[in-house]
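predicted model, plus sequence, below.
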Amino acid sequence: MWKTIKYIIIFFALQIVCALALSAFFFNELFNGDKMSLIFLASGLSSALFCLFIYLVRKDVGLSRDSFRIHPWQIVLLGVGAVVFFFLPEIKLTEILDLPDNLEGLELGSFWGLLAGGIIQPVAEELLFRGAVLGALLSWRPLQGKPWMAVLLSAVLFSVIHMNPGQMPTAFLIGLLLGWLTYRTGSLLPGIVMHVFNNSVVFICALFMTEEEGEETLADLFGSPVLEYLAIGVSLVLLILIIRALVRLVDRHYPVRPAAPAPAEGDA
């Protein structure tokens, strides 16, 4: 368990150190949108590379080739569908909570932003949180026989690690779904595809939207509260139906696994 905590601390530290170093380098242009975006992307990329390092170099994170296989592929497709129909409820939840958003005002729409934040970082975060962290929590003695507690705790950690209040609630909800899928299937592939799809859509939208369009609310987009809540309602219904189909498909192909044996005293 200590190794998991150590990985998360290093993940945090890399982001902070990289952000501070670049902030000092660009001090005279610190409030320039391009420079702030570079700081954000570089700090995220540094921690993402560390996550890749854990998988490629360390042999104690419990990953194997089977961690990147899934059958049937409909599980991945349904997962992506869930992400699609979560977008509108996610945006509305963010508007209702109105939490501070550290990303607000950053110009993230660029090819390098898409590569770093839309592809590299989500893959690396899945390796860390649904791979090393969730795996360690599932085998941790206090959580033996309590896989939902392990999934819940991993989602909390995944939410907190974003260090952005505006992202934390939705990151927690997505973390629950990705954690459950990883636990039940034993595969990181659904989570990686869903996470990359989710982040890539955000960065692609930032690439093509104007600053004024990016500040619009759902009410502005639909032009009517009736249409807004109708669209959200339809999205929620479809989201529930997709998750229900996903649960049935996973139950059919991946029966609930027995609890892992408790680790030796020296590993707790």
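Right, received. Where do you want to start?

buried stuff in the helix or strand hosting residue 248?
Element membership for residue 248 (DSSP states H and E) is helix 225-253. For helix 225-253, a neighbour-count test (16 or more other CB atoms under 10 Å) marks 228, 231-232, 235, 239, 242-243, 246, 250 as buried. C-beta: built from backbone N, CA, C; applies to glycine.

what is the rounded mean pLDDT of it?
In this model, helix 225-253 has a mean pLDDT of 96.

could you point out which element follows the helix or strand bottoming out on mean pLDDT in the chain?
When each helix and strand of the chain is scored by mean pLDDT, DSSP states H and E, helix 211-214 comes last, with a mean of 64. Sequence-wise, the next helix or strand downstream of helix 211-214 (DSSP H and E) is helix 218-222.

got the contact list for that following helix?
Applying CB atoms under 8 Å, 6 or more residues apart in numbering, the external contacts of helix 218-222 come out as 88, 91-92, 95, 225, 228, 231-232.

okay, buried residues for it please.
218, 222.

cool, and stretch 146-160?
Buried, per 16+ other CB under 10 Å, within stretch 146-160: 147, 150-155, 157-159.

need these in TSV (columns: distance to residue 206).
Listed next are the buried residues of stretch 146-160 as TSV, based on distance: CB to CB, whole Å:
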residue	distance to residue 206
147	36
150	34
151	30
152	31
153	31
154	28
155	25
157	26
158	22
159	22
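
hmm, back to that, now distance to residue 120 too, for the contacts of helix 218-222, in TSV please.
As requested, these are exported to TSV (distance: CB to CB, whole Å):
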residue	distance to residue 120
88	27
91	25
92	29
95	29
225	39
228	34
231	32
232	32
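
and the furthest pair within those residues?
Maximum pairwise distance among those (CB to CB): 14.7 Å, between 91 and 225.

among the buried residues of stretch 146-160, which one lies nearest to residue 119?
Using CB to CB, the buried residues of stretch 146-160 come closest to residue 119 at residue 158, 18.0 Å.

quick one: contacts for that closest one?
Here residue 158 is in contact with 125, 129, 133, 171-172, 175, 179 (CB under 8 Å, 6+ apart).

keep only those of the residues you listed that are in helices.
125, 171-172, 175, 179 (DSSP state H).

look at the closest residue to residue 250 other than its chain neighbours and report its pLDDT.
Distances taken as CB to CB, 6 or more residues apart in numbering put residue 184 closest to residue 250, at 5.0 Å, once the chain neighbours are dropped. We have a pLDDT of 94 for residue 184.

what backbone torsions are found at residue 184?
phi -70, psi -40 (degrees, to the nearest 10).

do the same with residue 216
phi -70, psi 150.

which pLDDT does the model give it?
Model confidence at residue 216, given as pLDDT, is 79.

ok, it - how many residues close by?
11 (other CB atoms under 10 Å).

so, low pLDDT: which residues of the stretch 1-150 of the chain?
1-4, 19, 22-41, 43-44, 47, 52, 54-64, 101-109 (pLDDT under 70).
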